[in-house]
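Enquirer: give the three-dimensional model of this entry:
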Amino acid sequence: MAEMVEFELVTPEEVLVTQLVDMVVVPGGDGDYGVLAGHVPMITTVRPGAITIYEDSRVTDRIFVTGGFAEVTGERITVLIEKAVKVDRLDRATAEQDIKNFTEDLEDAKTDDERDQATSQLEIAKAQLQAIFDAAGSHETV
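Expert: Presented below is the predicted three-dimensional model:
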């Protein structure tokens, strides 16, 4: 049996996931990366996107996260995030409408704070739509 890595997904309110897995793929700030048992220790940012969980060499779950931080050791990966939702619960029409709304908000922004807020929300909405496409095996990109 292959070595397993412990995966923890944590919000400020609760521990959402604690399980042994073969591999976890995380949307890191500098690109996606996979974590297996024995991974080099590191701390990274997590951008909005889907965390993909592998067991027995197959995808068993995809969880959309809005961003946060990850700590990796040789035995464990802990991802600290604000919000999470299973990708299969995301709605394409809602994500597309959010992209439209936040694009308009960005165009209408009058202050740096308004621009930053709209940009952040737009990034999350685009990442949600991309996660929906990826889970469906679509070759579409946002």
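Enquirer: tell me the mean pLDDT over the helix ranked longest in the chain?
Expert: The single longest helix within the chain, with elements called by DSSP state H, is helix 112-135. Per-region confidence: helix 112-135 scores 96 on mean pLDDT.
Enquirer: run through who's touching it.
Expert: By CB atoms under 8 Å, 6 or more residues apart in numbering, the list of residues contacting helix 112-135 from outside reads 27, 47-50, 62, 64, 66-67, 87-88, 90, 92, 95-96, 98-99, 102-103, 105-106, 108-109, 139-142. Every residue, glycine included, has its C-beta placed from N, CA and C.
Enquirer: that one: which residues count as buried?
Expert: In terms of neighbour count (16 or more other CB atoms under 10 Å), helix 112-135 has its buried residues at 118, 121-135.
Enquirer: could you do stretch 91-101 as well?
Expert: When neighbours are counted by 16+ other CB under 10 Å, the buried residues of stretch 91-101 are found to be A95, E96, D98, I99.
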